[in-house]
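K.L.:
Next comes the sequence, and after it the predicted model I'd like to discuss.
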Amino acid sequence: MERKTPLYEKHVSLKGKMVPFAGYLLPVQYDGGVIAEHMAVRRNCGLFDVSHMGEFICRGKDAVMNLNYLLTNDFTKMYDGQARYSPMCNEKGGILDDLIVYKIKEDDYFIVVNAANREKDFSWMNRHRFGDVQFMDISDSTALIALQGPKAEAVLRKTAADTNIPGKYYSADFKGRIGGIPCTISKTGYTGENGFEFYCRPEDAAEIWDMLTETGADHGMMPCGLGARDTLRLEAAMPLYGNEMDEGTTPFEAGLESFVNMEKEDFIGKKAWMERSDAPRCRMGLKVTGRGIIREQADLYREGRLIGKTTSGTYSPLMQYSIAMALMDRNAVGIGDEVEADVRGRKVLAQVVELPFYKRS
């Protein structure tokens, strides 16, 4: 049975279309529709309930050593409040999950994981921990709201003090307040826009949502569901676990090599990559030039030869044509080449393009 986030009643009152997702009931869209919500985030701002995500604490004098062994990125030098993205891989080099680690203070870290991987990740971390370290799952005592878009900061400044608003991308204030309510204010997001995320107690989530809704009314803010969240992240070419990456995909194939530090002495997955000569596939972008939308798992052909599969696909509300991401044979195609997608037995033409499809100025 699906769980409800602390904002479930808010979504129902706003006529959100509720659907099961990662074990929760969440709004896929509201009355205005996905395109309206998408464009609100691109032009103004949107408000998302992301309370289904998982949150852990990693604490102890060996916390950094554990993070550096479990994850591919390097967490040795971070300032208090800094956030860092990283894949977490298995011994074969496949991606178990992608997550964000925040440094609260020395020997004390906050980790955000994908909702569907919460239990798997927590078990994996505890099975591989060593020394003086403790992992704690605080997901059930944490709600998460995201405010995204070019006008997000203007909305936030009406409810939070300037000293509580992080100035740097991928940083957070763990002693922030919105309208006097304690919460962590993080300058992060999953839309390709400027924005913030607010980690708070579940009992405070509705009040924070209402305050942001009220202050955002003059800035064209809309509540946004899963549909817009997906189209926004796809335009920005942000990978989604289960689509662009999984346990059979390496960071080098998923285009995440910049988040792998091979200079570290050792970490899970390093040995497997050192024994491989290359990554045969790579993540690429497709602009659909034929008629139709290419969704995920469509076979792709170049001159009659199967060269890969799409991982995500949608109609881009901003660019007004269909786009897709794909894992393809890196030696088979290049930017500008034409490929064919098999969409339920019908061939749809697409052109290989650079990622991201959209990047804010």
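P.N.:
Sure, I can see it.

K.L.:
Correct me if wrong: residue 227 contacts residue 35.
P.N.:
No - contact criterion C-beta atoms under 8 Å: residue 227 and residue 35 do not qualify, at 9.1 Å. No exception for glycine: its C-beta is placed from N, CA and C like everyone else's.

K.L.:
which one of these two has more residues nearby?
P.N.:
Per other C-beta atoms under 10 Å, whichever of residue 227 and residue 35 has more neighbours is residue 227, with 20 against 16.

K.L.:
Where does that one sit: helix, strand or coil?
P.N.:
Classification of residue 227 by DSSP: H, G, I helix; E, B strand; the rest coil places it in helix.

K.L.:
which ones are touching it?
P.N.:
Residue 227 makes contact with 28-29, 34, 37, according to C-beta atoms under 8 Å, 6 or more residues apart in numbering.

K.L.:
Name the member of those residues that has the highest neighbour count.
P.N.:
Within the contacts of residue 227, most neighbours by other C-beta under 10 Å means residue 37, with 25 neighbours.

K.L.:
wait, it sits on residue 31?
P.N.:
No - counting by C-beta under 8 Å, residue 37 does not reach residue 31; the two are 10.1 Å apart.

K.L.:
nearest residue to residue 293 other than its sequence neighbours?
P.N.:
For residue 293, ignoring the flanking residues on the chain, the nearest one in space by C-beta to C-beta, 6 or more residues apart in numbering is residue 322 at 4.7 Å.

K.L.:
list the buried ones in the lowest-mean-pLDDT helix or strand in the chain?
P.N.:
Lowest mean confidence among the helices and strands of the chain (mean pLDDT, DSSP states H and E): helix 270-274, at a mean of 95. Within helix 270-274, the residues that count as buried by 16 or more other C-beta atoms under 10 Å are 270, 273.

K.L.:
now for that helix, which elements pack on it?
P.N.:
Applying 3 or more C-beta pairs under 8 Å, 6 or more residues apart in numbering; DSSP states H and E, we find helix 270-274 packed against no helix or strand.

K.L.:
please redo it, this time with the cut-off set to 10 Å
P.N.:
If you count contacts as 3 or more C-beta pairs under 10 Å, 6 or more residues apart in numbering; DSSP states H and E, helix 270-274 packs onto strand 83-89.

K.L.:
Partner strands of the very next helix or strand once past the strand it packs on and their direction?
P.N.:
The first helix or strand that comes after strand 83-89 along the chain, using DSSP states H and E, is strand 95-105. If you go by DSSP bridges, strand 95-105 pairs up with strand 83-89 (antiparallel), strand 108-113 (antiparallel).

K.L.:
Quick one: closest of those strands to residue 273.
P.N.:
Shortest distance between residue 273 and these, using C-beta to C-beta, is found for strand 83-89: 8.8 Å.

K.L.:
For that closest one, output the C-alpha coordinates as PDB.
P.N.:
Extracted in PDB, the C-alpha atoms of strand 83-89 (Å, rounded to 0.1, in the frame of the first residue of the first chain):
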ATOM      1  CA  ALA A  83      27.000  19.600  -1.100                       C
ATOM      2  CA  ARG A  84      28.500  17.200  -3.500                       C
ATOM      3  CA  TYR A  85      26.900  14.800  -6.000                       C
ATOM      4  CA  SER A  86      28.100  11.300  -6.500                       C
ATOM      5  CA  PRO A  87      27.200   7.900  -8.000                       C
ATOM      6  CA  MET A  88      27.500   4.900  -5.600                       C
ATOM      7  CA  CYS A  89      28.600   1.700  -7.400                       C
END
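
K.L.:
What mean pLDDT does it get?
P.N.:
Model confidence over strand 83-89, given as mean pLDDT, is 98.

K.L.:
quick revisit: and the strands paired with strand 95-105 as TSV, adding distance to residue 24 and mean neighbour count?
P.N.:
Formatted as TSV, those follow (distance: least, C-beta to C-beta, whole Å; neighbours: other C-beta atoms under 10 Å):
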stretch	distance to residue 24	mean neighbour count
strand 83-89	22	23
strand 108-113	14	22
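
K.L.:
looking at the ones you listed, which is closest to residue 66?
P.N.:
strand 108-113 (9.3 Å).

K.L.:
tell me, what's touching residue 227 and residue 35 both at once?
P.N.:
residue 29 (C-beta atoms under 10 Å, 6 or more residues apart in numbering).

K.L.:
related to what we said a few turns ago, the residue nearest to residue 293 should be in a helix, yeah?
P.N.:
No - counting by three-state DSSP, residue 322 is not found in a helix; it is strand.

K.L.:
what's downstream of the least confident helix or strand of the chain, the next helix or strand?
P.N.:
Note on helix 270-274: by DSSP H and E, the next helix or strand toward the C-terminus is strand 281-288.

K.L.:
List the buried residues of whichever helix or strand comes after that next one.
P.N.:
Sequence-wise, the next helix or strand downstream of strand 281-288 (DSSP H and E) is strand 299-302. Buried residues in strand 299-302, counting neighbours by 16+ other C-beta under 10 Å, are found at 300, 302.

K.L.:
partner strands of strand 299-302, parallel or antiparallel?
P.N.:
Paired neighbours of strand 299-302 in the sheet (DSSP bridges): strand 305-316 (antiparallel), strand 338-343 (antiparallel).
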